[in-house]
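Visitor: All I have is the shape, not the residue letters:
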């Protein structure tokens, strides 16, 4: 899951012309640390849904990498 | 003259003017020949209402407005008095400094900010808001419940359907080879949202339930449910993936999630739509 998420995050950063990250820190905030705006979050949601069949926002707002991973793990289990 | 007319100083009222009940005019207001004002009208100081204007009841016009402004023929001194008509529906609120040209028809509950300019030969629906410093350059078709924020420039021949949101500093151009005489307006379909500072090049079709992101330069048609951004604007994502940043809930198509000031304010969109008795959505 970490690798899938890292790949998608980097794809979005790359599209925006921003530097890719090497690894995901659980405490990273998608908005504050990675600078994701509403459009980036929508892209992340759509791509994760496509890859993992999980709508990470289905139960409300999430912000950190840890929250995303928890959401993905819960669904996969 | 009807009853309950309250006049400021130096008002001029022309011939064949119809004034409804309870009309209040500020100082130096000019009501030209043949104007028809409904009941409960308030017009603030220094405003001119030109010949051929018909203003619905319960309307308010701020100071220093010109309502029913002359066309070019008058300025070229080819024609002094005109047969042109301007019709504005009931419950209009036209704020100070606004100029609305004649030969235009505007529905009820029309609102402007300050210093809006609306040129001739446009048809504007009901419940339309045109913000401060907006410039609608004429020959435009604008539907119902269109919300235009400040400083929006709408080129001639632009068509905007119902329930379109246009945010500040958006520009709709119309001349593909400027300067030319071949003006091609764009068509903005219902429920589209054009965010702040977007620039739409001539002849674009922006389909239903789309979002043009802030600062985008639209050089190609925008397909239904598309979100476009950048210069030139490119498709980013299906609008149905966008979420409310406070709740995480889906935010689009906005009509299912936003109802303030809309006809479905009480019922919600789906229930309201059923009341229309139309089969498909």
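Guide: Yes, it's here. Just so we're clear, the structure is a prediction, and the values are computed from it rather than from any experiment. Residues are numbered from 1 along each chain as shown, chains lettered A, B, ... in the order given.
Visitor: Check residue A:57 and give its pLDDT.
Guide: The model reports residue A:57 with a pLDDT of 89.
Visitor: Tell me which helix or strand in the chain has the weakest average pLDDT.
Guide: Chain wasn't specified; assuming chain A. Every helix and strand of chain A was ranked by mean pLDDT, DSSP states H and E. The lowest is helix A:65-76, at a mean of 86.
Visitor: not what I meant, chain B
Guide: Of the helices and strands making up chain B, the lowest-confidence element is helix B:72-75, at a mean of 79, by mean pLDDT, DSSP H and E.
Visitor: Give the next helix or strand downstream of it.
Guide: strand B:86-88 (DSSP states H and E).
Visitor: and the helix or strand that that next one is followed by, what does it pack onto?
Guide: Once the chain leaves strand B:86-88, the next helix or strand it forms, by DSSP H and E, is strand B:93-94. The contact analysis (3 or more C-beta pairs under 8 Å, 6 or more residues apart in numbering or on different chains; DSSP states H and E) places strand B:93-94 against strand B:60-61, strand B:111-112. From N, CA and C alone the C-beta is placed, and that goes for glycine too.
Visitor: what does strand B:93-94 contact?
Guide: Strand B:93-94 is contacted from outside by B:59-62, B:65, B:67, B:88, B:100, B:110-112, using C-beta atoms under 8 Å, 6 or more residues apart in numbering or on different chains.
Visitor: mind running it again at 10 Å?
Guide: If you take C-beta atoms under 10 Å, 6 or more residues apart in numbering or on different chains as the criterion, strand B:93-94 is touched by B:42-44, B:47, B:55, B:58-62, B:65, B:67, B:88, B:100, B:106, B:109-114, B:116, B:118, B:129-130.
Visitor: Check the offset of it from the chain's centre.
Guide: Its chain's average C-alpha position is 11 Å from that of strand B:93-94, according to C-alpha atoms, centre = their mean, to the nearest Å.
Visitor: Which strands border the helix or strand following that strand, and is each parallel or antiparallel?
Guide: Once the chain leaves strand B:93-94, the next helix or strand it forms, by DSSP H and E, is strand B:99-101. Using DSSP bridges, the strands paired with strand B:99-101 are strand B:66-69 (parallel), strand B:117-118 (parallel).
Visitor: Show the average pLDDT along strand B:99-101.
Guide: Taken as a whole, strand B:99-101 carries a mean pLDDT of 97.
Visitor: for stretch B:130-140, same thing?
Guide: Averaged across stretch B:130-140, pLDDT comes to 97.
Visitor: Now do the end-to-end distance for it.
Guide: Distance across stretch B:130-140, first residue to last, is 13 Å (C-alpha to C-alpha, to the nearest Å).
Visitor: Tell me who's in contact with residue B:251.
Guide: Applying C-beta under 10 Å, 6+ apart to residue B:251 gives the contacts A:38, A:42, B:211, B:239-245, B:257-258.
Visitor: hmm, 7 Å instead?
Guide: Taking C-beta atoms under 7 Å, 6 or more residues apart in numbering or on different chains, we find residue B:251 in contact with B:242-244, B:257.
Visitor: Just give me how far the least confident helix or strand of chain A sits from the chain centre.
Guide: Worked out by C-alpha atoms, centre = their mean, helix A:65-76 lies 10 Å from the chain centre.
Visitor: And that helix, what does it pack against?
Guide: Under the contact criterion of 3 or more C-beta pairs under 7 Å, 6 or more residues apart in numbering or on different chains; DSSP states H and E, helix A:65-76 touches helix A:2-15, helix A:38-52.
Visitor: tell me the most buried of these?
Guide: Using mean count of other C-beta atoms under 10 Å in any protein chain shown, the stretch among these with the largest mean neighbour count is helix A:38-52, at a mean of 19.
Visitor: chain center to stretch B:245-261: distance?
Guide: Offset of stretch B:245-261 from its chain centre (C-alpha atoms, centre = their mean): 24 Å.
Visitor: one step back: out of the helices and strands packed on helix A:65-76, the one nearest chain B is which?
Guide: Checking those against chain B by C-beta to the nearest C-beta gives helix A:38-52 as the closest, at 4.1 Å.
Visitor: Can you select the buried ones from the contacts of strand B:93-94 in PyMOL?
Guide: The command below creates a PyMOL selection of those among these that count as buried (16 or more other C-beta atoms under 10 Å in any protein chain shown):
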select buried, chain B and resi 42+43+44+47+55+58+59+60+61+62+65+67+88+100+106+109+110+111+112+113+114+116+118+129+130
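Visitor: Many thanks, we can stop here.
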